[in-house]
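> Sequence and predicted model, in that order:
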Amino acid sequence: SQKGFCTIGIISLIVKFSSPRYPIRIRKHASNFVRHFCYSNDYTRKMFIACGGLPVLIRFLYEDYNDERARELILSSIDCIWNIFEIKSNPKNDFCRLFCKFGLLSRLAKVFYILKKHQGTHDNQDYIDRVVKIFSLFSGGDILVRQKIAEVAVLKYLILVLPELKFENLLTMMKAFHRVCGVKLDKPLKEMEDAGIIPVFVKLLDHDRREIHSQVILCMEMLMVSDIAKRPTRKEKAIFAGIVPHLLKVVDERKLLKQVALRILCDLPIQVPAVRTELWKHKMVNFYVKTLTDSCWRPDALNALKIWMKMEPTRLGFQLAGSSSIPKLVAVCTSQKVFRQHLSLILPTMVAMCEMSRHLTQAVARSPKFVRSMLARLKEPIQGDPTNMAIHQASVEITHKMCIDHVNLSMFNKKYQIVEAMEVISSKAKAADKLRLWCLAETKER
């Protein structure tokens, strides 16, 4: 009989009675008819869709939740939407696209908020769970579908609901947001920022379950650090919302997320004065110095210190020249355990830092280990690859800077035979036809 209804077009005739211009009693009968079709077999449900049934389901979501009879239409619509996704013969993404076309997500988000708001008055937890599952389905859709979730009209309600959800639903929603952030397009990420989701995410780091922290931090990584998302305002908002102490805690306690936290912390907008004020509060200079011992992140940590020194050369120079920082700075420039690829980044960074701070240059020059390491590199065989050339050039410049800033150059030269080492690399560079290095060594030698 249902196939017969579909064939003669009865669905199209009935669904028009779902319009708000008809009394609630008639709309309720139309809703029962729709529900009957949505709980039927795949063929009947697909005929319901083909006859324009999806906009009817969305129309029911606009009913007044405070009216008990209208509330039934809303809840019935949620059940029917879920049953549409139960059709086995079509990919779920097809239905996601159709629902997005008819504007489901923004209205469903508002209904989600209304359900949560009235949770204490009405026993609607099952429908809250179902809406969470529906959003999770949409987050697994293609790029176009996920972009729809990231629209401000949807997010403005979701961010109000997130902090109030029970653990299982919150975890599901955060996994959904993780998939949305994975779109890696600037527009959805910008809309998430504009909707005010960053402070909400940061606040969720106070949750007592670590699973939530993991999903939040993975989302924040995509918002703050991914190549498409390098917008200083996002990083600033996260910092002002209080993300730094949470990330520092992750670095100390969480092995699995440590690398993600370090990636965020080593890419902060240090150029912004208000950001530096926050970083001083959390002793981030000491953190970056400590991170110099990390085999993966030492170049990034040193680069962060260089950027900071460019903004505050005197203050930072004095702090780095202190007894607690110099051993780690010396070690990162001299240790045999440091990869040469990293060293080709570290030594030029050190050159820039020494150029900005005389106190730092004098402090490293007081370390025999550091000076002898620079001179040993001047005497190494010259090779043509960019890595070794960068190391040689940086070693020449650091050695020259130590000579300029030393209080007693003659004693310094007598102790370490600086001139002899510069002559060696100059002659080697000339013999190897490395004109740039030879000119640099000749100039510094004089």
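Good, I have the coordinates.

> and the gap between the closest residue to Leu160 other than its chain neighbours and Met192?
Distances taken as Cβ to Cβ, 6 or more residues apart in numbering place Tyr113 nearest to Leu160, at 5.6 Å, with adjacent residues excluded. Glycine gets a C-beta too; all of them are placed from N, C-alpha and C. Here the criterion is Cβ to Cβ, to the nearest Å. By it, Tyr113 lies 17 Å from Met192.

> These two: which has the busier surroundings?
Met192 (26 against 18; other Cβ atoms under 10 Å).

> Which helix or which strand is home to that one?
Met192 belongs to helix 186-194 when elements are defined using DSSP states H and E.

> what helices or strands is that helix leaning on?
Packing partners of helix 186-194 (3 or more Cβ pairs under 8 Å, 6 or more residues apart in numbering; DSSP states H and E): helix 143-149, helix 152-161, helix 167-181, helix 210-224, helix 232-240.

> I'd like the average pLDDT over it.
On average, the pLDDT along helix 186-194 is 90.

> and what of stretch 352-361?
Averaged across stretch 352-361, pLDDT comes to 94.

> What's the end-to-end length of that stretch?
One end of stretch 352-361 to the other measures 11 Å (Cα to Cα, to the nearest Å).

> what sits up against it?
302, 305-306, 309-310, 313-314, 316-318, 320-321, 329, 364, 398, 401-402, 405 (Cβ atoms under 8 Å, 6 or more residues apart in numbering).

> now Val272: how far from Lys235?
Applying Cβ to Cβ, the value for Val272 to Lys235 is 9 Å.

> So for the two, which sits in the more crowded spot?
When neighbours are counted by other Cβ under 10 Å, Lys235 comes out ahead of the other of Val272 and Lys235, with 24 against 17.

> quick one: pLDDT of that one?
pLDDT for Lys235: 91.

> just the one 10 residues further on next, same as before
Model confidence at Pro245, expressed as pLDDT, equals 96.

> Ile228 now?
Ile228 is given a pLDDT of 56.

> Make 28 the starting number, not 1.
That works, and once the first residue is 28, the last one we named lands at Ile255.

> Show me which positions of stretch 259-279 end up buried.
Residues of stretch 259-279 classed as buried by neighbour count (16 or more other Cβ atoms under 10 Å): 261-266, 268, 270-271, 273-275, 277-278.

> Report the next helix or strand after the one helix or strand the residue nearest to Leu187 maps to in sequence order.
If you go by DSSP H and E, Tyr140 is part of helix 131-144. Counting by DSSP H and E, the next helix or strand C-terminal to helix 131-144 is helix 152-166.

> for the top helix by length along the chain, which positions count as buried?
With secondary structure taken from DSSP state H, the chain has its longest helix at helix 413-432. By neighbour count on 16+ other Cβ under 10 Å, the buried set for helix 413-432 is 415-430, 432.

> that older thread, what residues does the residue nearest to Leu187 make contact with?
Tyr140 makes contact with 184-185, 187-188, according to Cβ under 8 Å, 6+ apart.

> at 10 Å instead, please
Residues in contact with Tyr140 (Cβ atoms under 10 Å, 6 or more residues apart in numbering) are 158, 183-188, 191.

> can you give me the strands for the stretch 328-473 of the chain?
Applying DSSP state E, counting those that start in this stretch to the stretch 328-473 of the chain gives no strands.

> Can you pull the phi/psi pair for Trp324?
phi -110, psi 10 (degrees, to the nearest 10).

> Number of residues surrounding it?
When neighbours are defined as other Cβ under 10 Å, Trp324 has 21 of them.

> Now it. Nearest residue, chain neighbours left out?
Leaving aside its sequence neighbours, Trp324 sits nearest to Leu289 (Cβ to Cβ, 6+ apart; 4.9 Å).

> Surely that neighbour is in contact with Val277?
Yes - using Cβ atoms under 10 Å, Leu289 is in contact with Val277, at 9.0 Å.
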